[in-house]
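# Could you look at this predicted model? Sequence included:
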Amino acid sequence: MLPRFITAFLKSTGETGVVLMEHEGAQRVVIIDRDALREISNPPRADETRLQEHVGTICEIAASKMRLQPHPSFSRIRVSKDDIEAWKASHDTFH
């Protein structure tokens with residue numbers, strides 16, 4: 001079964017975004033840091049709007065991590081600036 005998006009929000013501190021997903025019957029918390037939010041958006045901005053605009057990409061990266069790297073149920077998955085850069089590089093080669 002593929003991971004499924006539930007919801008996304010920016011923490012009140014504004015330092016991280018949180019995406020909740022479900023995979024194999026367990027809810028998974030995806031943390032995306034401020035630098036990653038800036039990297040994903042153009043112009044660079046780390047706010048709720050950018051998080052919502054790019055939640056599909058964030059979910060794609062998180063789903064890939066869930067499938068390729070075994071994590072215990074209910075463990076957090078981190079999406080960093082490096083993850084965003086790698087995703088961009090892999091998609092630039094195909095487009």
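Cool, the structure landed.

# which residues does the residue most central in space within the chain contact?
Nearest to the mean C-alpha position of the chain, by CA atoms, centre = their mean, lies residue 58 at 2.9 Å. Residues in contact with residue 58, defined by CB atoms under 8 Å, 6 or more residues apart in numbering, are 8, 17, 19, 30, 32, 40, 51, 79. Every residue, glycine included, has its C-beta placed from N, CA and C.

# for the strand or helix carrying residue 82, what is the average pLDDT?
Element membership for residue 82, per DSSP states H and E: helix 81-92. Per-residue pLDDT values across helix 81-92 average out to 91.

# for it, packing partners?
Where contact means 3 or more CB pairs under 8 Å, 6 or more residues apart in numbering; DSSP states H and E, helix 81-92 is packed against helix 34-40, helix 55-68.

# Let me know which of those helices is tucked in deepest.
A comparison of the helices and strands packed on helix 81-92 by mean neighbour count, using mean count of other CB atoms under 10 Å, puts helix 34-40 on top with a mean of 21.

# List the first helix or strand encountered after that helix toward the C-terminus.
Counting by DSSP H and E, the element after helix 34-40 in chain order, helix or strand, is helix 48-53.

# quick revisit: out of the helices and strands packed on helix 81-92, nearest to residue 46?
Nearest to residue 46 among the helices and strands packed on helix 81-92 is helix 34-40; the distance by CB to CB comes to 3.8 Å.

# From the rest of the structure, what touches the closest one?
Defining contact as CB under 8 Å, 6+ apart, one finds that helix 34-40 is touched by 14-17, 44-47, 50-51, 54, 57-58, 79-81, 83-85.

# hang on, the earlier thing: ok, so of the contacts of residue 58, who is nearest residue 89?
residue 40 (13.1 Å).

# okay, the closest one: pLDDT?
Taken from the predicted model, the pLDDT recorded for residue 40 is 91.

# With residue 72 instead?
pLDDT, residue 72: 71.

# Pull the number of nearby residues for it.
6 (other CB atoms under 10 Å).

# Assumed it was part of a strand.
No - following the definition DSSP: H, G, I helix; E, B strand; the rest coil, residue 72 is coil and is not counted among the residues of a strand.
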